[in-house]
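Enquirer: with the input below, show me the fold.
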Amino acid sequence: YWGLEAEDAGMAAAVARGNRITLSPADLSYLDMKYNPDTPLGQDWAALIEVDRAYDWNPGTFLKGVPESAVRGVEAPLWTETITDSADIEYMAFPRLPAYAELNWSPQSTHSWDSFRTRLAHQGPRWTEQGVNFYRSPLIPW
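Expert: As a prediction, the model looks like this:
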């Protein structure tokens, strides 16, 4: 599924026929969206996606008429119209990529923004040591 709406009759019909889907809502999971209006890279046509927005949604209940059992996971695409090198890729992907990983790999019942932001903060020193160019979100206590 690609789109901006939480309802898609075509997806609901496909699931009713037994298909499973991958979600890729542009306003929640596109890594090429800016974090905020001042982000030097990325686009903003779908939304501004700060780390909390990337993390704080439920793929299993996102699309009306699509049960959690039909959702294979979330895709986090990174279109490269504003990307020129690996450092740009890292900046747009981190720290949102770990948010999408947790959405995909752990049950919704275990998700907690407060817990996640604390755990995410511990990655900052590791990324710095590894030379990863990441966005230092003001929402995370780095």
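
Enquirer: for the residue nearest the centre of the chain, which non-adjacent residue is closest in space?
Expert: Using C-alpha atoms, centre = their mean, the residue of the chain that lies closest to the mean C-alpha position is Ser29, 3.6 Å off. Spatially, and ignoring its direct neighbours in sequence, Ser29 is nearest to Ala76 (4.9 Å; C-beta to C-beta, 6 or more residues apart in numbering). Bear in mind the C-beta positions are built from the backbone N, C-alpha and C, glycine included.

Enquirer: and that neighbour, how many residues sit next to it?
Expert: Applying other C-beta atoms under 10 Å, we find 21 residues neighbouring Ala76.

Enquirer: hang on, it packs against Pro98?
Expert: No: checked against C-beta atoms under 8 Å, the pair Ala76 and Pro98 is beyond contact range at 10.5 Å.

Enquirer: which SS class is the nearest residue to Tyr55 once chain neighbours are set aside?
Expert: Excluding the flanking residues, the one nearest Tyr55 by C-beta to C-beta, 6+ apart is Ala99, at 3.9 Å. Recorded secondary structure, Ala99: helix (DSSP: H, G, I helix; E, B strand; the rest coil).

Enquirer: how many residues are close by Ala99?
Expert: 26.

Enquirer: OK, contacts around it?
Expert: For Ala99, the contact set (C-beta atoms under 8 Å, 6 or more residues apart in numbering) comprises Val51, Ala54, Tyr55, Phe116, Leu120.

Enquirer: switch to 7 Å and redo it
Expert: Val51, Ala54, Tyr55 (C-beta atoms under 7 Å, 6 or more residues apart in numbering).
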